[in-house]
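Colleague: Next one to model:
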Amino acid sequence: MNSNTGFLDWLASVWVDYRPVFNVVFVLVGALIIRSILLSSVKRVVLSVTSGVDAKLKPEADDSPLAKARVVQRARTIGSVLSNFITWGITLVAIIMCLAELGVAVGGLIAGAGILGAAIGFGAQSLVRDLISGLLLVFEDQLGVGDAVDVGEVKGIVEAVGLRVTQVRDVEGTLWYVRNGEIQRVGNKSQGWSRILLDVALASATDLAKAQKVIGDTALAVAQNSKHAKSVIGAPEVWGVQTFSGDEVVIRLVQQVEPKAQDELARELREALIAALAKAKISLASNSQSVFVKLGK
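Modeller: This is a model prediction of the structure:
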């Protein structure tokens, strides 16, 4: 009995003497457990999104690896952001609680940290702006992997979307690193649908009714027989005379398509129109100009 009482007294004295140390250990262990649970939850959500891409995409987009990469990229980026916030938030709270248990006046430290943070934030305004802009780009789905975009001075295909920079490869193959905070506008040519605009310049003496019929019939045949026929949305439309001058008349042809087939179908339309107009003996406009010079004696 005395031995048990002595052990309990010793244990109580140890708890009293080293209570701050035990509390610090409990705080650290609790922080690690909470962090592990939250990170595991974030990973499970990201995994469920990425593994369910096929089921959530529309049937017509099932064969598009770019659309799938876009969904996966957004999910992983958001998961990375949440994981960083969780880690830093729990770490900061755990450090403050540990210092308080050790008898450190955390009020002064918090005030000093606030001043230091304000100074750092003022000096790193561009970095903070890049990070916030990157978050908005991802959450609002303004652009994604595989999109054809115009972000001001750079036009091309998006290869990666990060929190600080977005990577865009232009038509010449140059990979541009665009800071998210510098993106003032985003023109996305890959969301929803695209439209092919073809302006056919013909000689001014052309029979317009005949020319428009040839252009419309040719465009309809290409839309029905092209290897990209499944990407065509609606029938082609001949809008008529776009501009005219003494040397040429420009007729505009439009065709609505899915973004992925815009360039390929436009090339097929151009080739088919050149052949059809030549067969119908309809002359294209000539840019050559004759200059007559009268020479004096």
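
Colleague: Let me see the ranges of the helices in this structure.
Modeller: 2-17, 19-51, 53-56, 65-101, 106-123, 125-139, 208-225, 262-279 (DSSP state H).

Colleague: Turn those into CSV, including mean neighbour count.
Modeller: All C-beta atoms are positioned from the backbone trio N, CA, C, and that covers glycine. As requested, these are exported to CSV (neighbours: other C-beta atoms under 10 Å):
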stretch, mean neighbour count
helix 2-17, 9
helix 19-51, 14
helix 53-56, 11
helix 65-101, 16
helix 106-123, 11
helix 125-139, 16
helix 208-225, 17
helix 262-279, 16
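
Colleague: worst average pLDDT in these?
Modeller: Looking at the helices of the chain, the lowest mean pLDDT belongs to helix 53-56 (a mean of 51).

Colleague: ok so, going back, compare the helices of the chain and report which one is nearest to N180.
Modeller: helix 125-139 (3.9 Å; C-beta to C-beta).

Colleague: Just the CA trace of that closest one, in CSV.
Modeller: Output of helix 125-139 as CSV, limited to C-alpha atoms (Å, rounded to 0.1, in the frame of the first residue of the first chain):
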residue,chain,number,x,y,z
GLN,A,125,3.2,42.6,-53.1
SER,A,126,3.8,41.2,-56.6
LEU,A,127,4.2,37.7,-55.3
VAL,A,128,1.1,37.9,-53.2
ARG,A,129,-0.8,39.3,-56.2
ASP,A,130,0.5,36.4,-58.3
LEU,A,131,-0.7,33.9,-55.8
ILE,A,132,-4.2,35.4,-55.4
SER,A,133,-4.6,35.7,-59.1
GLY,A,134,-3.5,32.1,-59.6
LEU,A,135,-6.1,31.0,-57.1
LEU,A,136,-8.8,32.9,-58.9
LEU,A,137,-7.7,31.5,-62.3
VAL,A,138,-8.1,28.0,-61.0
PHE,A,139,-11.3,28.4,-59.0
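
Colleague: want to throw the helices of the chain into CSV with distance to G234?
Modeller: Converted to CSV, these look like this (distance: least, C-beta to C-beta, whole Å):
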stretch, distance to G234
helix 2-17, 79
helix 19-51, 33
helix 53-56, 26
helix 65-101, 21
helix 106-123, 51
helix 125-139, 31
helix 208-225, 9
helix 262-279, 13
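
Colleague: Looking at the ones you listed, which is nearest to A148?
Modeller: Per C-beta to C-beta, nearest to A148 of these: helix 262-279, 8.3 Å.

Colleague: Please report the distance of the residue lying closest to D217 once chain neighbours are set aside from R270.
Modeller: Using C-beta to C-beta, 6 or more residues apart in numbering and skipping the chain neighbours, the partner closest in space to D217 is A276 (7.7 Å). Distance of A276 to R270, computed by C-beta to C-beta, to the nearest Å: 11 Å.

Colleague: ok, now S283?
Modeller: Taking C-beta to C-beta, one finds S283 at 17 Å from R270.

Colleague: Sheet-wise, list the partners of the longest strand along the chain with their directions.
Modeller: Ranked by residue count under DSSP state E, the longest strand found in the chain is strand 232-244. According to DSSP bridges, strand 232-244 forms sheet pairs with strand 248-257 (antiparallel).

Colleague: before we move on, the earlier item: quick one: closest of the helices of the chain to E159.
Modeller: With C-beta to C-beta as the measure, helix 65-101 is the member of those nearest E159 (9.8 Å).

Colleague: tilt between that closest one and helix 125-139?
Modeller: For helix 65-101 and helix 125-139, the angle between their directions (axes from the mean of the first three to the mean of the last three C-alpha atoms, to 10 degrees) works out to 130 degrees.

Colleague: tilt between helix 65-101 and helix 19-51?
Modeller: 170 degrees.

Colleague: Who are the packing partners of helix 65-101?
Modeller: helix 19-51, helix 53-56, helix 106-123, helix 125-139, strand 155-161 (3 or more C-beta pairs under 8 Å, 6 or more residues apart in numbering; DSSP states H and E).
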